[in-house]
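K.L.:
show me the folded form of this:
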Amino acid sequence: MANARNLIVTYVLHFMGVGVTLPFLPVYYDWLHIPPEQIGVLLSVGPFCALLAPPLWGQLADRTGRPGLILLVISMGSLAGFGLLLGAARFETVLACLLLFSFFNAATTTLIDSLALGHVERHGGSFASIRTFGSLGFVVSTLVFGFVVDRADQRVVIAALGLSLVNAAFIGTTLARAPAHRRPGPSPDLRSVRAVLANPQVRWLLLASCTHWIASAPYHGSLGLYFGALHFEPKILSLSSSVAVTSEVIVLATWPRWSHRIAPRTLLVAAYVVSGVRWFAMGSTASPVLLVALASLHGLSFGAFYVASITWIAERAPSSLRASGQALFVAATFGIGGLIGFMGSGRLYAEVGGATLFRWAGLAELVPLAVAILFLVNQATQPKGAAEYQ
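P.N.:
Residues are numbered from 1 along each chain as shown. Below you'll find the model as predicted:
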């Protein structure tokens, strides 16, 4: 059943896997002697699939009323694709494995978030508080893995695969068994989804989040390479990632206490300003102490950005289109934004180096900042039930 405990365990296990793959997969590709520009292509596979997969799986979840069962299906598909990576050593074979993996995996967070939002709607509580446990799982896994291994080799794939297997088994015995639950509101078809997208405030939010993620791509895709070029040990990357997500945990855990006092638009503006300062500063220092310290800004540049954006979409989409609405956010942000960002940053990293790339990323945050200041408008009155997402 989709109760809070089962959702928390699912978040923890899923993001423990992310805690291993997000920081260390690019370094693993480097261990395979794949050049930076091709690593950029590999990192763009997930965003490319996020353009197509989340809307597809989100629509299926809304139509069937069983997001837990669909989550099990994509978990099994993700396992199959990721497992094949163990036998892949060349760029072409790694690319094929990632395409299969990402077609399923790209919608995982969308469906877990949809289940969590539905649980909060029916039983009360806080979405941010439940989502916090995912970030805690990330911190634990990336910290432990970074200190246990001396290099990012096939153990990256093995560790993430083991965590994914446990999570799929847990989903199969819990969330996937939840009965169908259909929400009132428009039928979850393409016409209704287009109606959500017709809201100009949704479109401006998607543009801002997309361009923010483009600017964030050097951090999410090239941080390991940048730290390697600075001759840092793996534990520095682990510490940086752990500090980053710990700050995210603090923001999410305390979100219900203070978020209602600050308008979502103000939070988004703050997230873009802080991100710009963070990226530019990262490209202006080679000190491991300062770089780890800058990771503490992640709570705003991702945590506040993510929950404020989820809230923005949820307030403007009917509950019957919840998974589809979140899929639009994922497709625009992690799909279009990630595809452009990872492809561009991979090529630019090879041409100009990490320091210059991060400084350019800081300047790129001026784009979402301008969109938020000029075009985003908070709702005059909060609709009934909107507080449930806080």
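
K.L.:
pLDDT below threshold where in the stretch 201-350 of the chain?
P.N.:
319-323 (pLDDT under 70).

K.L.:
ranges for the helices of it?
P.N.:
234-258, 264-282, 288-294, 298, 305-315, 322-330, 338-352 (DSSP state H, counting those that start in this stretch).

K.L.:
so which of those helices gets nearest residue 132?
P.N.:
Closest approach to residue 132 among these (Cβ to Cβ): helix 234-258, 4.0 Å. (C-beta placed from N, C-alpha, C; glycine too.)

K.L.:
how big is the angle separating the closest one from helix 305-315?
P.N.:
40 degrees (axes from the mean of the first three to the mean of the last three Cα atoms, to 10 degrees).

K.L.:
any buried residues in helix 234-258, and which?
P.N.:
Of all the residues in helix 234-258, those buried under the rule 16 or more other Cβ atoms under 10 Å are 234-249, 251-253, 255.

K.L.:
now do it: distance to the chain's middle.
P.N.:
14 Å (Cα atoms, centre = their mean, to the nearest Å).

K.L.:
by contact count, what packs against that helix?
P.N.:
Here helix 234-258 touches helix 4-31, helix 127-148, helix 200-229, helix 288-294, helix 298, helix 305-315, going by 3 or more Cβ pairs under 8 Å, 6 or more residues apart in numbering; DSSP states H and E.

K.L.:
tell me which of those sits nearest to residue 348.
P.N.:
So among the helices and strands packed on helix 234-258, helix 200-229 is nearest, using Cβ to Cβ, at 8.1 Å.

K.L.:
save the helices and strands packed on helix 234-258 as TSV, and put in mean neighbour count too.
P.N.:
Shown next, in TSV, are those (neighbours: other Cβ atoms under 10 Å):
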stretch	mean neighbour count
helix 4-31	23
helix 127-148	22
helix 200-229	23
helix 288-294	16
helix 298	26
helix 305-315	23
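
K.L.:
identify whichever of the ones you listed lies nearest to residue 342.
P.N.:
Comparing the helices and strands packed on helix 234-258 by Cβ to Cβ, helix 200-229 comes nearest, at 4.9 Å.

K.L.:
got the angle between the closest one and helix 305-315?
P.N.:
Using the same axes, to 10 degrees: helix 200-229 against helix 305-315 is 160 degrees.

K.L.:
and the helices of the stretch 201-350 of the chain as CSV, adding distance to residue 82?
P.N.:
Below are those laid out as CSV (distance: least, Cβ to Cβ, whole Å):
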stretch, distance to residue 82
helix 234-258, 20
helix 264-282, 29
helix 288-294, 29
helix 298, 25
helix 305-315, 24
helix 322-330, 19
helix 338-352, 18
